[in-house]
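Colleague: Please work out how this folds:
(chains A, B, C and D)
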Protein chains: 2
Amino acid sequence: MTQGEAPPRPARSRPTMREVAALAGVAIKTVSRVFNDVPTVDPAIVARVREAADQLGYRPNLTASSLRRGDGRTATIGMLVEDAANPFSATLTRTVENVARERGVLVLVGSLDEDPARERELARALVDRRVDGLVIVPAGRDQSYLIAEQNTGTRMVFVDREAGLLDADAVVSENRQGAIAAVNHLLKAGHRRIAYLGDRTAIPTAAQRFDGYRHALEVAHIAYDDEIVRHAGSGEDAAVAATEQVLSLPDPPTALFTSQNFVTIGAVRALHAMGLQHTVAHVGFDDFPLADLLSPGVSVIAQDVVQVGRTAAEMLFRRLDGDESPTRTVTVPTRLIERGSGEIPAKGPGND
Amino acid sequence: MTQGEAPPRPARSRPTMREVAALAGVAIKTVSRVFNDVPTVDPAIVARVREAADQLGYRPNLTASSLRRGDGRTATIGMLVEDAANPFSATLTRTVENVARERGVLVLVGSLDEDPARERELARALVDRRVDGLVIVPAGRDQSYLIAEQNTGTRMVFVDREAGLLDADAVVSENRQGAIAAVNHLLKAGHRRIAYLGDRTAIPTAAQRFDGYRHALEVAHIAYDDEIVRHAGSGEDAAVAATEQVLSLPDPPTALFTSQNFVTIGAVRALHAMGLQHTVAHVGFDDFPLADLLSPGVSVIAQDVVQVGRTAAEMLFRRLDGDESPTRTVTVPTRLIERGSGEIPAKGPGND
DNA sequence: CGACGCTGAGACAACGTTGACTGGGCGAGA
DNA sequence: TCTCGCCCAGTCAACGTTGTCTCAGCGTCG
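Modeller: Numbering: from 1, shown residues only, chains lettered A, B, ... in the order given. Now for the predicted structure:
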């Protein structure tokens, strides 16, 4: 901890166009024109104004500008994700930021922690700041509270999950199909007893993935057994416990399908702790960093997060550019990545 | 891809206080008072105003409010990080968001990608939106361009690296000491030939960690050998290549110190690819998820990112609350986490 | 019973900017 | 040479809100 020097905080108030105008000897409006690159201003005056502005350290006030301006645009969008710190949300945020950046638009970020009340609260906070649009990974199942905002011109795109009770654009991953692909992959390796470990079914994506799991079993004529099905919630610890329980059953599964990032990691942890990582097959939904470096590598159904984020951002900006076509839900495909854990056969050579 | 229904976009403009006032039969100022919880308003009138507001779907316009208001606060702060998608930045963002949230403040996020030009550009974009304060992980070494903003009342705290040519608060990790601890740990396991793999020394934290490495060797009376020192840049691929080169030398190191997240992961990848992960000792700077699940687990010098972020946010808000004390740099301690890779002894039993 | 103070709501201007309009000066055409 | 029109800078008001001031009404106290 080092000490700094004097505290010279004049707290001088920020210069305005008025002061720049006075120093340059022109009208305020002329300064405005210069900063808006209006071409009909005499180059000599432009130079004089810019010099005055630099000298004063003038920076235009975008909030005042957007207030007066016809379109009322703030060049800011809002982004509500589950948790800014988790890799999925972080990648999504960065992707949206990239698209926004090309248009000089900044991104306000908020984390919802799967709390619908917080979703409403933060959405309102964003609306109160008059963001031009919203990108939302919804926590709740009812977004009707946004109808009024939609009607007054706030554009919005939902990501990962569709909006409930609201007609809005959405970009989602192929959850059901992805889950089916995961289970089929395990079936192909000879497994007949495949456990499902997932998030609470209150979360739409979890419900869809669970649905895919059941469907794939049904098609394969395998009876559903809720002994080996756990909806543990998204905590890693809960997933560890659920995995250990399921694997300790008298008739344990020979394969696991985990339907969410943290659940997958929890399951991997449990498998390693029990020394079963090379015995029990495992496919997870959602890729994660270093999955390939573990031993065995963890096979996953990977979502194309970048594609999801980019699509959502592009849809939003198309709306902001005046697109009035009917709302759409775009589904982004998932992809199976084989890394070893999902290819462990049902019975080891020489085993029962 | 499903089709939505009709496109009912009246694009009706948003209701204002004026309309609420008209509907409630009161003056605009009274509506203002109601929404600012001024206690001297008749409860009956409050009810009438709130009802009118709800009926119209009125939401206060914070940009107009902050324009007129005395303090000019926007209840928004700006956060500039290296890359919103990387775990360090993401955790930092989330932590700052948490502190801001308690005060009803929202966070604008921007990624700099280690580009000083982009830093200036984004900092200006934030200032133009009149954020109340800035939290910056600087990309460049010269922040003097912010002096004007500082003088006009924009508060700022630097994170991970101190500001250059600017007197400002900062929160940094114990980079040099951490590096020394890492090297000492390897020395204790008997290693005398310890490679350094790090980011470009243009990045201050990398320079400090490198400095710690050299210092620790010097104290141990080990000659510095730049054959086993690589400043690879932060790309994972570059780190893989550098690691492979160093380990392919005629006289290869018996231990690695990697001074940054991605470099560490690249080195792990290379060690695994060469089958040396149980032979060559390795300590990385900066923790990463799943480091404990690898085999061997990767020993690291962990930064307390949450502590760093929280401290920075709290310093910023203290400034915003009027703290005028001299600027400070707070150093947050790092911590060695032993997981196996750093404890591999210099010579395997029966070797050499 | 009158004056005074207090309570609570409204009128007005202003925050920093830009849209709409105005007006002066100059060149071109008659 | 005079007029018309154009070009460019300036004046004014307004965006949605709040700080300051005013004022009506009522209760209280002498």
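Colleague: So what does whatever residue of the stretch 251-352 of chain A ends up closest to chain B have for phi and psi?
Modeller: Of all residues in the stretch 251-352 of chain A, residue A:327 sits closest to chain B, at 3.3 Å by C-beta to the nearest C-beta. Any C-beta I mention is one placed from the backbone N, CA and C, and that applies to glycine too. Per-residue torsions, residue A:327: phi -70, psi 150 (degrees, to the nearest 10).
Colleague: roughly how far apart are it and DNA strand C?
Modeller: As for residue A:327, its distance to DNA strand C is 30 Å (criterion: C-beta to the nearest atom of the strand, to the nearest Å).
Colleague: Near chain B, which residues of the stretch 101-250 of chain A are found?
Modeller: Residues of the stretch 101-250 of chain A lying close to chain B (C-beta under 8 Å from any C-beta of the partner chain) are A:104, A:106-111, A:122, A:124-130, A:148-149, A:151-153, A:167, A:169.
Colleague: mind running it again at 10 Å?
Modeller: A:101, A:104-111, A:118, A:121-122, A:124-131, A:147-155, A:162, A:167-170 (C-beta under 10 Å from any C-beta of the partner chain).
Colleague: got it, and the stretch 251-352 of chain A?
Modeller: So the stretch 251-352 of chain A meets chain B at A:265, A:268-269, A:271-273, A:277, A:288-295, A:298, A:305-306, A:309, A:319, A:323-331 (C-beta under 10 Å from any C-beta).
Colleague: Would you agree the residue of the stretch 251-352 of chain A closest to chain B is in contact with residue A:171?
Modeller: No - using C-beta atoms under 10 Å, residue A:327 is not in contact with residue A:171, being 11.6 Å away.
Colleague: domain ranges for chain A?
Modeller: For chain A, automatic domain parsing gives the domain ranges A:10-54, A:76-173+A:307-333, A:175-305+A:336-343.
Colleague: nearest to DNA strand D, of those?
Modeller: domain A:10-54 (2.9 Å; C-beta to the nearest atom of the strand).
Colleague: now the closest one, how far from the chain's geometric center?
Modeller: 41 Å (C-alpha atoms, centre = their mean, to the nearest Å).
Colleague: More neighbours: which of residue A:327 and residue A:171?
Modeller: Of the pair residue A:327 and residue A:171, residue A:171 is the one with more neighbours under other C-beta atoms under 10 Å in any protein chain shown, namely 26 against 22.
Colleague: show me what contacts the more buried one?
Modeller: Residue A:171 sits next to A:135, A:157-162, A:307-316, A:328-332 when contact means C-beta atoms under 10 Å, 6 or more residues apart in numbering or on different chains.
Colleague: what do you get for residue A:72?
Modeller: A:66, A:130, A:132, A:153, B:13, B:14, B:61, B:63.
Colleague: Let me know the secondary structure of it.
Modeller: coil (DSSP: H, G, I helix; E, B strand; the rest coil).
Colleague: ok, it to DNA strand D distance?
Modeller: 7 Å.
Colleague: At the contact with DNA strand C, which residues of chain A appear?
Modeller: A:13-14, A:16-18, A:28-29, A:32, A:35-36, A:60-61, A:64-65, A:67-70 (C-beta under 7 Å from any atom of the strand).
Colleague: List buried residues within these.
Modeller: A:14, A:16, A:17, A:32, A:35, A:60, A:61, A:64, A:65, A:67 (16 or more other C-beta atoms under 10 Å in any protein chain shown).
Colleague: Same list (those) but as TSV, adding pLDDT.
Modeller: Shown next, in TSV, are those (pLDDT from 0 to 100):
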residue	pLDDT
A:14	91
A:16	96
A:17	96
A:32	97
A:35	97
A:60	97
A:61	97
A:64	96
A:65	96
A:67	95
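Colleague: overlap between the residues you listed and the residues near chain B?
Modeller: Contacts with chain B within these, counted by C-beta under 10 Å from any C-beta: A:14, A:60, A:61, A:64, A:65, A:67.
Colleague: Which of the three states applies to the second one?
Modeller: Going back to what we said before, that points to residue A:60. Counting by three-state DSSP, the backbone at residue A:60 sits in coil.
Colleague: Tell me where the model's unsure across chain A.
Modeller: Residue ranges of chain A with pLDDT under 70: A:1-12, A:348-352.
Colleague: that older thread, can you add distance to residue B:260 and give the domains of chain A back as a markdown table?
Modeller: Putting those into a markdown table (distance: least, C-beta to C-beta, whole Å) gives the following:
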| stretch | distance to residue B:260 |
| --- | --- |
| domain A:10-54 | 38 |
| domain A:76-173+A:307-333 | 18 |
| domain A:175-305+A:336-343 | 15 |
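Colleague: that's a helix at residue A:64, yeah?
Modeller: Yes - Residue A:64: assigned to a helix according to three-state DSSP.
Colleague: So it sits against residue B:74, correct?
Modeller: No - judged on C-beta under 10 Å, residue A:64 makes no contact with residue B:74 at a distance of 11.4 Å.
Colleague: between the two, what contacts are shared?
Modeller: B:63, B:66, B:67, B:130.
Colleague: Neighbour-wise, which one of those residues leads?
Modeller: Top of the shared contacts of residue A:64 and residue B:74 by neighbour count (other C-beta under 10 Å): residue B:63, with 24 neighbours.
Colleague: Tell me who's in contact with that one.
Modeller: A:61-67, A:72, A:74, A:76, A:128-130, B:74, B:76, B:129-130.
Colleague: buried set for stretch A:240-247?
Modeller: A:240, A:242, A:243, A:244, A:245, A:246, A:247.
Colleague: Closest to residue B:92 out of these?
Modeller: Comparing the buried residues of stretch A:240-247 against residue B:92 with C-beta to C-beta places residue A:240 closest, at 27.0 Å.
Colleague: could the contacts of residue A:72 go into a markdown table alongside distance to DNA strand D?
Modeller: Below are these laid out as a markdown table (distance: C-beta to the nearest atom of the strand, whole Å):
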| residue | distance to DNA strand D |
| --- | --- |
| A:66 | 9 |
| A:130 | 9 |
| A:132 | 15 |
| A:153 | 11 |
| B:13 | 6 |
| B:14 | 7 |
| B:61 | 3 |
| B:63 | 8 |
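Colleague: quick one: which of the residues you listed is nearest residue B:338?
Modeller: residue A:132 (50.1 Å).
Colleague: hang on, residue A:139 in a strand?
Modeller: No - Residue A:139 is assigned coil when assessed by three-state DSSP, not a strand.
Colleague: show me what contacts it?
Modeller: Counting by C-beta under 10 Å, 6+ apart, residue A:139 has contacts A:80-82, A:111-120, A:122, A:161, A:203.
Colleague: For DNA strand C, see how far away it is.
Modeller: Counting by C-beta to the nearest atom of the strand, the separation of residue A:139 from DNA strand C is 35 Å.
Colleague: where along the stretch 201-350 of chain A do the strands fall?
Modeller: A:229-231, A:255-258, A:281-285, A:299-303, A:328-332, A:334-337 (DSSP state E, counting those that start in this stretch).
Colleague: residues contacting the residue in the stretch 101-250 of chain A that chain B sits nearest to?
Modeller: The nearest approach of the stretch 101-250 of chain A to chain B comes at residue A:148, 3.5 Å away (C-beta to the nearest C-beta). By C-beta under 10 Å, 6+ apart, the residues touching residue A:148 are A:127, A:154, B:12, B:14, B:15, B:54, B:56, B:57, B:58, B:59.
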